[in-house]
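Chemist: Generate a structure from the sequence data that follows.
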Amino acid sequence: MIQSTLLRAAVIAAATALAFWLDHAVPLLSKAGASLLALALGAALSNAGLVPAASPVYDAIGGPVTSLAIAWLLLHVNLGDLRRVGPRMMGAFALAVAGTALGALTGALLFAGFFGEDTWRLAGTLTGTYTGGSVNFVAVGRGVGLPDALFAGANAADALTTALWLGATLLLPVWLARFYPTPIPVHLEADAEGGAAEPHPHPFFLRQPISTLDLATLVATGLLLLVASQGMGRLFPAIPSVLWLTTFALLVGHTAHFRAERGALQLGTLALHFFFVVIGIHSRISEIVAVGMEVFYLTLAVVAVHGIVVYGGGRIARIDVGTLSVASQAAIGGPSSALAVAVSREWPALVLPGVVVGLLGYALGNYLGFGVAYLVRAVGIGL
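Modeler: Below you'll find the predicted structure:
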């Protein structure tokens, strides 16, 4: 087992780099995407006994580094881009978010007897993670005070269920396409000037010039946003600090300077994938068993209801199955998972819309997660 703290940090960085390289260089593995590959590499390190279950490195990545990832990614969110993704993708993503909330409420009712007074905490945490991805799991889970043992078990169950659902959204378009009369938008539309649109490059591998000043500005801004959100959290303890961070980052990101800021997506994505490796390290089967398999069944129930709402509602609304699959992954796994589905199925017209609504999910996941948690607590489920 690796004993050196510095070497553990180096291994996590190397696993992150390897995940990106495999996504870029190996066509078969690119179907999974860098996020799932980072999770798998972390899980392999952990379950092989190469790294310990706990470390100050994990605490640093799961704490301030993840908070910085949230801040940087939200600085990159441009709500004006929602006009570009079109009503079809927005409708599909609305179904995905509604399906997640309904799934969490259904799961809370079904499993309240197993989790008791922690039911509302789990319902909110799973709502957060299945609206914007695993980064919201940590944000909402910490905010509602999910106990450590249950946090670890639910975290492992979430990683496993997310991987299973990624496989499902890659296969379902093949199986269900004949039931959806609307064709999957494979070809890009013309741009606003009337010319032919260019294929959207893979955002993780797009080379952009970034100056030292850009990097320094982003690091300083991210840290100042963390300080401001924690200060507001102390002044108004009823409102979790991550909600202040989400709000402040969105506001700052829409100022004139940050609309043209470069590097926010790159820094945020890098920090987020460090976190995905750590999530994988925490994804021990023993963690699920320790708290009971019911936590895994709960995640399956939430995602099952989500899937029924997405594909059933989308069929009624006549939304194509490709858009539904990408929107579903944008909610369940985040923008990187949505990207993996769009790229692996060769739907270039869905790459940008999937990333945009996935980034939107980062913002909505925190608000919706806390909202569902407090709703479940208010109606007394499990109490």
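
Chemist: does Ile381 count as helix, strand or coil?
Modeler: coil (DSSP: H, G, I helix; E, B strand; the rest coil).

Chemist: That one touches Ala112, doesn't it?
Modeler: Yes. Here Ile381 reaches Ala112: they are 5.1 Å apart, a contact under CB atoms under 8 Å. Glycine gets a C-beta too; all of them are placed from N, C-alpha and C.

Chemist: Please identify the buried residues of stretch 368-383?
Modeler: Leu368, Gly369, Phe370, Val372, Ala373, Leu375, Val376, Arg377, Ile381, Gly382 (16 or more other CB atoms under 10 Å).

Chemist: Low-confidence bits of the protein, can you list those?
Modeler: 31-32, 79-85, 186-206, 240, 259-261, 283, 286-287, 289-291, 344 (pLDDT under 70).

Chemist: could you pull out the strands for it?
Modeler: Read by DSSP state E, the chain holds no strands at all.

Chemist: what sits in contact with each of Ile381 and Ala112?
Modeler: Thr119 (CB atoms under 8 Å, 6 or more residues apart in numbering).

Chemist: related to what we said a few turns ago, of the buried residues of stretch 368-383, which is the nearest to Val277?
Modeler: When the buried residues of stretch 368-383 are ranked by distance to Val277 (CB to CB), Gly369 comes first, at 22.8 Å.

Chemist: show me the contacts for the closest one.
Modeler: Gly124, Thr125, Thr127, Gly128, Thr129, Thr131, Asn136, Ala139, Val140, Gly143.

Chemist: separation between Ala163 and Thr100?
Modeler: 17 Å (CB to CB, to the nearest Å).

Chemist: Look at the two and report which has more neighbours.
Modeler: Thr100 (32 against 19; other CB atoms under 10 Å).

Chemist: Among the buried residues of stretch 368-383, name the ones in helices.
Modeler: Leu368, Gly369, Phe370, Val372, Ala373, Leu375, Val376, Arg377 (DSSP state H).

Chemist: Report whether the expected contact of the last one with Leu383 is present.
Modeler: Same thing as Arg377. Yes. The criterion here is CB under 8 Å, and Arg377 meets it with Leu383 at 7.0 Å.

Chemist: Can you pull the residues that touch both of these two?
Modeler: With CB under 8 Å, 6+ apart, Arg377 and Leu383 have common neighbours Trp120.

Chemist: what about the closest residue to Gly358 other than its chain neighbours, distance to Ile281?
Modeler: If the residues on either side of it in the chain are set aside, Gly358 comes closest to Pro335, at 2.7 Å by CB to CB, 6 or more residues apart in numbering. Distance, Pro335 to Ile281, using CB to CB: 22 Å.

Chemist: Thank you kindly, that will do.
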